[in-house]
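Visitor: build me a model from this:
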Amino acid sequence: MNFQWYPGHMTKARRMMQEDIKLIDVVIELVDARVPLSSKNPDIDELAKNKSRIILLNKYDLADPKQTEKWKSWYESQGYFTAMVNARSGGGIKAVQNVIMEACKEKIERDRRRGILNRPVRAMIVGIPNVGKSTFINSFAGKACTKTGNKPGVTKGKQWIRLNKNVELLDTPGILWPKFEDQTVGLRLAFIGSIKEEILNVTELSLEFIRFMNQSYPKVLEEFYKLDSETNPEEDALKTLQQIARVRGCIKKGSEVDLDKAALLLMDDFKAGRLGKITLEGPVEEHE
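Guide: Residues are numbered from 1 along each chain as shown. From the prediction side, this is the model:
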């Protein structure tokens, strides 16, 4: 499968971000804890150089806790300030204010020496589509400031949000980068829903997901869907999908299995966390 999705509005958003970065003290990048490297936009490193950087590992409740701890430590070793959050439930949100103040400690001290008191820290929030930025902002601010959606591309323009007397936040639209050098990155982003489903073959995608699960989290699909392992060899992704279709009643007229429907059901079960806590990449040494 070949993955690429870079609509025109993302080029415009990137240019806008380039202009706005001059006003910013700290850049907060949300990544998906299930794909902590693949969901990090490499373009942001260039755009935000010389700025304090925070990485928020969002949706940590859906990710493998051991892997999340490894990624958190790795990012800190690279000079980032980090926190784990679950924007939907509000988990870890209160700690973010302290992380922002810690990341901007030198800037606040410089202001104080110049006699500038109580100027709010200006933070830019960035992240790829569907990583949970809008949900995070609404949770952090304690009110509905931005539109949210479970599809990529909901946030269209920029907006300043006064969170409290200490922090002002600039929200930005979610942007990907123009070309995935490694198609595995595109595959992982497709798994978590950061690439629009309309451009994907969901049945092919689900087969790739089954292969990953059988290699990295063996027996999980078998146990969750109560599959018959004897008639369904683990290494055969198509047979697994066919059996999921039968178990879940995805049957067309004439008793033919509906693979497309079963594929959508499988990917939805993963994205909703029903299959358990799963991280799609790691340990970090594999990426170095």
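Visitor: same for the helix or strand where Phe140 lies, what does it pack against?
Guide: Using DSSP states H and E, the element containing Phe140 is helix 133-141. With contacts taken as 3 or more CB pairs under 8 Å, 6 or more residues apart in numbering; DSSP states H and E, helix 133-141 sits against helix 93-103, strand 121-126, strand 167-171. No exception for glycine: its C-beta is placed from N, CA and C like everyone else's.
Visitor: ok, 7 Å please
Guide: Helices and strands in packing contact with helix 133-141 are listed as helix 93-103, strand 167-171; criterion 3 or more CB pairs under 7 Å, 6 or more residues apart in numbering; DSSP states H and E.
Visitor: can you name the next helix or strand after it?
Guide: strand 159-162.
Visitor: rewinding a little: out of the helices and strands packed on helix 133-141, the one nearest Arg34 is which?
Guide: Of all the helices and strands packed on helix 133-141, helix 93-103 sits nearest to Arg34, with 18.9 Å by CB to CB.
Visitor: list the buried residues in the closest one.
Guide: For helix 93-103, burial by neighbour count (16 or more other CB atoms under 10 Å) applies to 93, 96-97, 99-100, 103.
Visitor: again, but for stretch 116-134
Guide: Neighbour-count burial for stretch 116-134 [16+ other CB under 10 Å]: 121-134.
Visitor: so what does the strand or helix carrying Lys66 touch, helix or strand wise?
Guide: Taking DSSP H and E as the definition, one finds Lys66 inside helix 65-77. With contacts taken as 3+ CB pairs under 7 Å, 6+ apart, helix 65-77 sits against strand 52-58, strand 81-85.
Visitor: now, of these, which is deepest in the fold?
Guide: Of all the helices and strands packed on helix 65-77, strand 52-58 has the most neighbours on average by mean count of other CB atoms under 10 Å, namely a mean of 24.
Visitor: model confidence over that one, on average?
Guide: Per-residue pLDDT over strand 52-58 has a mean of 96.
Visitor: helices and strands around that strand, which ones?
Guide: Strand 52-58 packs on strand 26-32, helix 65-77, strand 81-85, helix 93-103, going by 3+ CB pairs under 7 Å, 6+ apart.
Visitor: and the helix or strand following the last one, what's buried?
Guide: Going back to what we said before, that points to helix 93-103. Going down the chain from helix 93-103, the next helix or strand is helix 105-113, by DSSP H and E. For helix 105-113, a neighbour-count test (16+ other CB under 10 Å) marks 107-108, 111 as buried.
Visitor: tell me which of the helices and strands packed on helix 65-77 lies nearest to Leu266.
Guide: strand 52-58 (22.8 Å).
Visitor: which one is the most centrally placed residue in the chain nearest to, not counting chain neighbours?
Guide: Relative to the mean C-alpha position of the chain, the nearest C-alpha, by CA atoms, centre = their mean, is the one of Asp32, at 2.7 Å. Once flanking residues are discounted, Asp32 sits nearest to Ser39: 4.2 Å by CB to CB, 6 or more residues apart in numbering.
Visitor: mind checking the SS state of that neighbour?
Guide: Secondary structure, DSSP: H, G, I helix; E, B strand; the rest coil: Ser39 is coil.
Visitor: wait, it touches Leu30, no?
Guide: No - assessed by CB atoms under 7 Å, Ser39 is found out of contact with Leu30, at 8.2 Å.
Visitor: who touches both of these two?
Guide: Taking CB atoms under 7 Å, 6 or more residues apart in numbering as the criterion, Ser39 and Leu30 both touch Val131.
Visitor: would a markdown table of the helices and strands packed on strand 52-58 with mean pLDDT and distance to Val202 be doable?
Guide: As requested, those are exported to a markdown table (pLDDT from 0 to 100; distance: least, CB to CB, whole Å):
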| stretch | mean pLDDT | distance to Val202 |
| --- | --- | --- |
| strand 26-32 | 94 | 19 |
| helix 65-77 | 95 | 26 |
| strand 81-85 | 97 | 29 |
| helix 93-103 | 94 | 33 |
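Visitor: which one of these lies nearest to Asn50?
Guide: Asn50 lies closest, by CB to CB, to one member of the helices and strands packed on strand 52-58: strand 26-32, at 10.4 Å.
Visitor: for the closest one, packing partners?
Guide: Using 3+ CB pairs under 7 Å, 6+ apart, strand 26-32 sits against strand 52-58, strand 121-126.
Visitor: give me the contact list for the longest helix seen in the chain.
Guide: Ranked by number of residues, the top helix in the chain under DSSP state H is helix 202-216. Contact with helix 202-216 is made by 1, 187, 190-191, 220-221, 234-235, 237-238, 240-241, 259-260, 263-264, 266-267, 270, 280, as judged by CB under 7 Å, 6+ apart.
Visitor: since that was my last question, I'll sign off now.
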